[in-house]
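[1] With the sequence up front, the predicted model follows.
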Amino acid sequence: AHQVSLQHCLNHNWQLQTGASFRESSMEGAGTEVRPYGALQADGVTLRRRYRVRANNAVDRSARLEVIGKVGTGSVTHNLLFGVDGYRFDDRRLQDAGNPSAAAYGIDAYHPTYGKPKPAVSRAIDTDEDQKSWSVYAQDQIDLGEHWKALVGVRYDKYEQRVQDFLRAPGQQVIEQTLTATSPRVGVVYQPNEHWSLYATTARSFRPNSNVSYEGNAFDPEEGKSYEVGAKWDTGRLNTTLALYKISKNNVLTPDPRDPSRYNMAVGEVESQGVELDVSGQIAQGLRLYGSYAYTDAQVTKDNAALTGLTLTGRQLANVPKDSANVLLIKDFTLAGNKAYLGGGIQYVGEREGAQAAFSAVDFFKLKSYTTWKAMAGYDVTDKLKLTLDVNNLFNKRFYASSYSLYWVMPGSERTITLNARYTF
């Protein structure tokens with residue numbers, strides 16, 4: 001990956017900033033994996049597996065140009081931003097797959113025997129997708145006086161997609177679409193005094209969906225609405241923010257039960273609402289506190305039950321805990337006349353739904369809640385040499401960080417110790 005950014009001050013009130021990035025990525029190789037759904041056989045011990053050979057390559061290019069300035073009109077100050085950005089994404093995917101019966105290529109979950117001959121494969125995915133997008137946007141943060149501020153912004157997107165699916169019949173291999181969207185954003189802030197700020201904001205979002213459907217049609221874009229109100233309290237030493245929000249999205253991609261390993265459907269709707277509390281700052285001389293708590297009620301509001309016969313409506317989104325929190329305390333002191341610190345913290349993640357797209361009731365399961373601890377230390381050996389030590393998962397807790405299905409579960413990281421030395425010339 002390569003990235004460059006430039007910033008230039010035109011005068012006291014105006015500046016120009018620009019940036020560009022280029023990234024190449026690939027995923028190549030062969031692997032045997034348990035099927036994500038319906039893998040466990042009637043005997044209760046055999047898991048059905050599949051074999052896949054991938055050769056995926058992608059190139060991502062993006063650039064932006066922004067002008068930022070300030071204009072005063074009487075007692076009102078306009079903090080302006082004008083920008084344009086664009087990207088091009090080329091995604092080439094090749095996959096050969098073998099999906100044999102459990103009898104031919106299954107494995108005992110409790111007493112696995114490895115080394116079975118690899119099954120025959122056939123071409124399963126052969127696509128070349130080209131995405132292009134450009135956008136223009138503008139924002140005005142308006143200082144309306146001593147107590148009030150307003151924010152008005154708008155973004156216009158144009159998106160072009162061209163997908164070649166070489167496994168489809170001639171004449172049906174090329175799928176193209178052009179999408180446009182205008183996304184506004186507005187907000188207001190009231191500051192009754194120097195310590196308190198009360199705010200409210202709302203916005204619309206637009207995000208194109210990649211690839212095509214089982215029928216060979218391009219997807220409608222994912223669209224969303226968000227609303228947020230909150231309060232901030234800043235004493236100069238301690239900063240606290242409390243926010244209440246609601247976000248809804250439609251045309252969310254969900255696996256197509258007719259061929260879930262290859263295709264999705266843009267039929268999903270999700271809604272998330274909750275409360276977030278963040279506290280940071282100095283609570284005593286030389287003692288810093290960083291803490292947060294989030295309550296997140298994120299549910300499926302529309303699904304593809306018409307095809308699966310199983311409704312997900314009302315269930316919590318996979319991998320999203322209703323309750324999560326973390327607290328970190330850091331003590332600053334001097335050692336041999338130089339700056340040093342010691343710190344420790346705790347993180348809690350609540351119970352989560354494990355199945356991202358269940359097709360039957362047996363697919364539902366929960367990921368257990370977990371609590372981990374961390375420790376840290378730092379010492380300035382000299383003005384130029386600084387040492388830091390971080391220990392994550394201090395007590396080597398065994399936990400599960402995320403999952404896709406009952407058979408695809410990602411374990412959390414074991415105890416990790418990182419020692420850094422930084423020298424400034």
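    Yep, it's here. Given the structure is predicted, the values throughout are model-derived calculations rather than measurements. Residues are numbered from 1 along each chain as shown.
[2] Tell me how far Ile346 lies from Gln282.
    Note on Ile346: its distance to Gln282, by Cβ to Cβ, to the nearest Å, is 20 Å. Every C-beta, even on glycine, is put in place using the N, C-alpha and C of the backbone.
[3] Please enumerate the strands of the stretch 51-200 of the chain.
    Applying DSSP state E, counting those that start in this stretch to the stretch 51-200 of the chain gives strands spanning 76-98, 107-108, 122-143, 148-165, 174-190, 196-207.
[4] Please name whichever of those is nearest to Val381.
    Closest approach to Val381 among the strands of the stretch 51-200 of the chain (Cβ to Cβ): strand 196-207, 40.3 Å.
[5] Tell me the strands beside the closest one, with direction?
    Strand partners for strand 196-207, identified by DSSP bridges, are recorded as strand 174-190 (antiparallel), strand 222-234 (antiparallel).
[6] any idea of the angle the first one forms with strand 148-165?
    The reference is to strand 174-190. Interaxial angle of strand 174-190 relative to strand 148-165 (axes from the mean of the first three to the mean of the last three Cα atoms, to 10 degrees): 170 degrees.
[7] Pull out the CA atoms of stretch 279-288 and give them to me as CSV.
    Output in CSV follows, covering the C-alpha atoms of stretch 279-288 (Å, rounded to 0.1, in the frame of the first residue of the first chain):
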residue,chain,number,x,y,z
VAL,A,279,-15.0,9.8,30.0
SER,A,280,-11.4,10.8,29.7
GLY,A,281,-9.0,13.1,31.6
GLN,A,282,-7.2,13.7,34.8
ILE,A,283,-9.1,12.8,37.9
ALA,A,284,-6.3,13.5,40.4
GLN,A,285,-2.8,14.8,40.3
GLY,A,286,-0.9,12.5,38.0
LEU,A,287,-3.8,10.1,37.6
ARG,A,288,-5.5,9.7,34.2
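[8] tell me which residues of it are tucked away?
    For stretch 279-288, the neighbour count (16 or more other Cβ atoms under 10 Å) marks Val279, Arg288 as buried.
[9] Can you pull out the residues in contact with that stretch?
    235, 237-240, 289-292, 329-333, 343 (Cβ atoms under 8 Å, 6 or more residues apart in numbering).
[10] so of those, which ones are in helices?
    Among these, no member is found in helices (DSSP state H).
[11] Let me know the closest of these to Ser369.
    Of all the contacts of stretch 279-288, Ser369 sits closest to Ser292, with 16.6 Å by Cβ to Cβ.
[12] in the stretch 301-425 of the chain, which spans are helices?
    305-308 (DSSP state H, counting those that start in this stretch).
[13] And the strands in it, which stretches?
    Under DSSP E, counting those that start in this stretch, the stretch 301-425 of the chain gives strands at 323-335, 338-349, 352-353, 366-367, 370-380, 385-392, 400-405, 408-411, 416-423.
[14] can you put those in a markdown table and add distance to Ala203 and mean neighbour count?
    Formatted as a markdown table, the strands of the stretch 301-425 of the chain follow (distance: least, Cβ to Cβ, whole Å; neighbours: other Cβ atoms under 10 Å):
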| stretch | distance to Ala203 | mean neighbour count |
| --- | --- | --- |
| strand 323-335 | 24 | 15 |
| strand 338-349 | 28 | 16 |
| strand 352-353 | 27 | 22 |
| strand 366-367 | 31 | 17 |
| strand 370-380 | 33 | 17 |
| strand 385-392 | 34 | 15 |
| strand 400-405 | 27 | 17 |
| strand 408-411 | 32 | 14 |
| strand 416-423 | 37 | 10 |
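[15] Give the bridge partners for the nearest residue to Asp85 once chain neighbours are set aside, please.
    Spatial nearest neighbour of Asp85, excluding adjacent residues (Cβ to Cβ, 6 or more residues apart in numbering): Arg64 at 3.7 Å. In this entry, Arg64 is beta-bridged to Gly19, Asp85, by DSSP bridges.
[16] count of residues packed around Arg64?
    Using other Cβ atoms under 10 Å, the number of residues around Arg64 comes to 17.
[17] In contact with it, which residues?
    Counted by Cβ under 8 Å, 6+ apart, Arg64 has contacts Thr18, Gly19, Ala20, Gly83, Val84, Asp85, Gly86.
[18] Report the buried members of those.
    Looks like the contacts of Arg64 have Thr18, Gly83, Asp85 buried, using 16+ other Cβ under 10 Å.
[19] Nearest to Leu244 among these?
    Gly83 (29.5 Å).
[20] Out of the strands of the stretch 51-200 of the chain, which gets nearest to Val53?
    strand 76-98 (4.4 Å).
[21] Could I get the buried residue list for the helix or strand bottoming out on mean pLDDT in the chain?
    Counting by mean pLDDT, DSSP states H and E, the chain has its least confident helix or strand at helix 305-308, which shows a mean of 77. Within helix 305-308, the residues scored as buried using 16+ other Cβ under 10 Å are Thr308.
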